[in-house]
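*Asks:* Predicted model, plus sequence, below.
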Amino acid sequence: MTIIKNPMKNGLNPEDYISGNPAPVLELLKQCPAHHPTTLHDHAGLAAAFGVERLWIKDESTRMRIGSFKALGAAYVVAHHAMQACPDGGDISTALQGKSYIAASAGNHGLSLAAGARLFGATATIYLSQSVPEGFAERLRQMGAEVIRHGEVYEESMARAMEDAAAGKGELLSDTSWPGYHDVPRRIMEGYLVMGKEVTDALDAAGDAPTHVFLQTGVGGLTSSMARWCRKHYGEEITIISVEPEEAQPMLLSLQQGEMVVSGGGVSIMGRLDCKEASELAFHAISSDADFAMTISEDQGQATTDLLKTHGLGSTPSGLAGVAGLQHLDDDARAMIGLTAQSRVLTFMSEGDG
């Protein structure tokens, strides 16, 4: 485990990279019968085991029948496209007939895109690396998506998706960003803000608030959106920690060096977080909002997953990496981030185990 204090904190205006406004997303979600707020567990037993006063776990395993927070991202972008195609009404279920989308995915982004495309009459082709479990590929096919395997790691499947999109085979819809490609990933990150609003609505109603937020980081979409929402809602009263696998830590390394860098490392069991390069938009937002960045080992991620399953919370090492970050802090790291027996911690179970 490595943990660092973010040397770039407050260096940029995060609102330049992600809006803190979920209102447009919520307006569209009113028309989705599968949408409902997901559960916020208040887990006293795990709080005691981890040496804190409270532990809230936002459970995204039931999100819109997809089982991941990413249901709020790509599907929202496709829904936005469908609404633009039907400004005066009409059959929105066929609004995007004839349109094709292309994306690379480590799993859940592809599921969200496939679901959105199917709802509005479009088609989706999802590029997966060989490291993505076949179970995800089969779920994509069941949603009507074409699956193309390419490369050993996410970055190689992403390169193929970009090549095919450039060749006119479909419109690229990526949840990561780079120079010149910002609009879609920004809208995806804004879709995730719904999670944060659901959390703060519930905690405000109970008169509660977290002191610390642990956020699992892949390309950075979840972390940037939840950090932005929590910072906007709670100000500097909370401490925000980004958590990555040791095998894929581009956010920590980029914060250390003050610029985006590509991480090395092998294939991680935290497959949805196994990204060697962060999203440009997410990096800039996180560089301002996060207080600390840390890594967890493969064994630590698996140990937390095994433990939470015994408490009725079935997920994956990717989905519980934020919880693992909390569980495996040593005394020095706890002191570094100001974590005590009186701390109140918010974490996210970003996917189920299906």
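*Replies:* That came in fine, so what should we check first? Numbers count the residues shown, from 1 in each chain.
*Asks:* Just the CA trace of stretch 303-320, in PDB.
*Replies:* Coordinates of each C-alpha in stretch 303-320 appear next as PDB, following Å, rounded to 0.1, in the frame of the first residue of the first chain:
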ATOM      1  CA  ALA A 303      -9.800 -10.000   1.300                       C
ATOM      2  CA  THR A 304     -12.300  -7.100   1.600                       C
ATOM      3  CA  THR A 305     -14.500  -8.700  -1.100                       C
ATOM      4  CA  ASP A 306     -14.500 -12.000   0.800                       C
ATOM      5  CA  LEU A 307     -15.300 -10.200   4.100                       C
ATOM      6  CA  LEU A 308     -18.200  -8.100   2.800                       C
ATOM      7  CA  LYS A 309     -19.800 -11.200   1.200                       C
ATOM      8  CA  THR A 310     -20.200 -12.600   4.700                       C
ATOM      9  CA  HIS A 311     -22.100  -9.500   5.500                       C
ATOM     10  CA  GLY A 312     -24.500  -9.900   2.600                       C
ATOM     11  CA  LEU A 313     -22.700  -7.400   0.300                       C
ATOM     12  CA  GLY A 314     -21.800  -9.300  -2.800                       C
ATOM     13  CA  SER A 315     -19.500  -7.400  -5.200                       C
ATOM     14  CA  THR A 316     -16.000  -7.600  -6.700                       C
ATOM     15  CA  PRO A 317     -12.600  -6.300  -5.800                       C
ATOM     16  CA  SER A 318     -13.300  -3.500  -8.300                       C
ATOM     17  CA  GLY A 319     -16.600  -2.700  -6.700                       C
ATOM     18  CA  LEU A 320     -15.200  -2.600  -3.200                       C
END
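*Asks:* Would you mind pulling the contact partners of the lowest-mean-pLDDT helix or strand in the chain?
*Replies:* Between all helices and strands in the chain, the lowest mean by mean pLDDT, DSSP states H and E belongs to helix 23-29, at a mean of 82. For helix 23-29, contacts defined as Cβ atoms under 8 Å, 6 or more residues apart in numbering pick out 35, 72, 76, 79-80, 83, 190-191, 193-194, 197. All C-beta spots, glycine's among them, are computed from the backbone N, C-alpha and C.
*Asks:* One more pass at 7 Å, please.
*Replies:* 35, 76, 79-80, 83, 190-191, 193-194 (Cβ atoms under 7 Å, 6 or more residues apart in numbering).
*Asks:* Now do the phi/psi pair for the residue positioned nearest the centre of the chain.
*Replies:* The structure's the chain has its C-alpha centroid closest to residue 222; by Cα atoms, centre = their mean the separation is 3.2 Å. Backbone torsions of residue 222, given as degrees, to the nearest 10, read phi -60, psi -50.
*Asks:* That one contacts residue 69, doesn't it?
*Replies:* Yes. Counting by Cβ atoms under 7 Å, residue 222 touches residue 69, with 6.2 Å between them.
*Asks:* domains for the protein, by residue range?
*Replies:* Segmentation of the chain into domains, based on automatic domain parsing, reads 3-68+189-349, 74-174.
*Asks:* now the longest one, how far from the chain's geometric center?
*Replies:* In this case it means domain 3-68+189-349. Chain-centre distance of domain 3-68+189-349: 8 Å, with Cα atoms, centre = their mean, to the nearest Å.
*Asks:* Can you give me the end-to-end span of that domain?
*Replies:* End-to-end span of domain 3-68+189-349 (Cα to Cα, to the nearest Å): 21 Å.
*Asks:* where along this protein do the strands fall?
*Replies:* Listed in chain order, the strands of the chain (DSSP state E) span 3-5, 39-42, 54-59, 100-104, 123-128, 146-149, 171-172, 212-216, 239-245, 292-296, 344-349.
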